[in-house]
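Peer 1: Everything below, folded, please.
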Amino acid sequence: MSIELDIPEFPYEEPPRGITCGQEPWNGVLLMVDRIPFRTGDTVTFHVTVHSDGSGRIVAAQTQGVVSISADTTSVGWTIPWAGVLDTVSQGSISAFYTLAPADGSAPSTSQEAIVLYSRQRPDGTVCGPDN
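Peer 2: From the prediction side, this is the model:
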């Protein structure tokens, strides 16, 4: 089973390719994959890295989210957590890719990486968060 994997998307990013206070990242940041024929029993593992720089070189936090597909679908989502991940930096970037392990036991596939700029810094210099 060879599937060309679509790049993951941050559906609520603000142009140009950014996650800011307007998305309230303390509620998590949604990561989606669409237009892929996922089958019951497949496993999708999202790999997320938060960087303290915009170029994606300085790692601040990493996490994984595993989604077990319970019904045939073409869309899978996972929310990147705030605590210990998104709260680690006030400015930087988020990169993400995913692997698909098919239920039929065929070889896993890996997507390309998506990256968005990430900033919790308001224009007045204050940092947004759940308590401010």
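
Peer 1: What separation do you get for D53 and A60?
Peer 2: 9 Å (Cβ to Cβ, to the nearest Å). (Glycine included, C-beta is placed from N, CA and C.)

Peer 1: Apologies, that question was intended for T79.
Peer 2: Applying Cβ to Cβ to T79 and A60 gives a distance of 18 Å.

Peer 1: Could you check which of these two is surrounded by more residues?
Peer 2: Shown here are T79 and A60; by other Cβ atoms under 10 Å, A60 has more neighbours (18 against 12).

Peer 1: What pLDDT is listed against the spatially most central residue of the chain?
Peer 2: The centre of the chain sits closest to L31, judged by Cα atoms, centre = their mean, with a distance of 4.1 Å. Predicted confidence (pLDDT) for L31: 97.

Peer 1: from the chain's centre, how far out does the helix or strand it falls within sit?
Peer 2: Mapping L31 onto the secondary structure by DSSP states H and E places it in strand 29-38. Averaging C-alpha positions (Cα atoms, centre = their mean, to the nearest Å) puts strand 29-38 10 Å from its chain's average.

Peer 1: pLDDT score assigned to the residue of the chain most remote from its centre?
Peer 2: Largest separation from the mean C-alpha position in the chain: D124, at 27.5 Å (Cα atoms, centre = their mean). The model reports D124 with a pLDDT of 92.
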